[in-house]
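**Q** One predicted model, sequence on top.
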Amino acid sequence: MANVIVGQPTVLPLGELITRINAIWERKGIKPKQHLSSPRPGAETMMEKRAHADRCYELPQELPDDMDLMIEVGWNVGSA
């Protein structure tokens, strides 16, 4: 299995990553939880991309049908 370095992009397809990650948790008897977020629009640096956009407009097609999904968004007081 490939090592994942935080903050570094991967060359593996998303579907393969999800399968590998979920297998680790399933071997431990734990239902995987996925976190979904989108980078704030206009973000260029890695630190700026860590700030979440106010919405996630789509779900990746590669997500399993049975999973716990947490959607992480920023909060822009002017958008409410």
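**A** Thanks, I have the structure now.

**Q** CA atoms for contacts and neighbours, from now on please.
**A** Will do.

**Q** mind listing the helices for this protein?
**A** Secondary structure of the chain, counting by DSSP state H: helices at 14-27, 46-49.

**Q** in the last one, what's buried?
**A** Within helix 46-49, not a single residue qualifies as buried, counting by 16 or more other Cα atoms under 10 Å.

**Q** which other helices and strands contact it?
**A** Applying 3 or more Cα pairs under 8 Å, 6 or more residues apart in numbering; DSSP states H and E, one finds that helix 46-49 contacts no other helix or strand.

**Q** so how far is that helix off the chain centroid?
**A** 15 Å (Cα atoms, centre = their mean, to the nearest Å).

**Q** Please apply the same query to the longest one.
**A** Taking the mean of its C-alpha atoms, helix 14-27 sits 13 Å from the chain's own mean (Cα atoms, centre = their mean).

**Q** follow-up on the earlier one: mean pLDDT and distance to residue 36 for the helices of the chain - can I get that in JSON lines?
**A** Formatted as JSON lines, the helices of the chain follow (pLDDT from 0 to 100; distance: least, Cα to Cα, whole Å):
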{"stretch": "helix 14-27", "mean pLDDT": "89", "distance to residue 36": "12"}
{"stretch": "helix 46-49", "mean pLDDT": "78", "distance to residue 36": "13"}
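
**Q** Great, nothing more from me.
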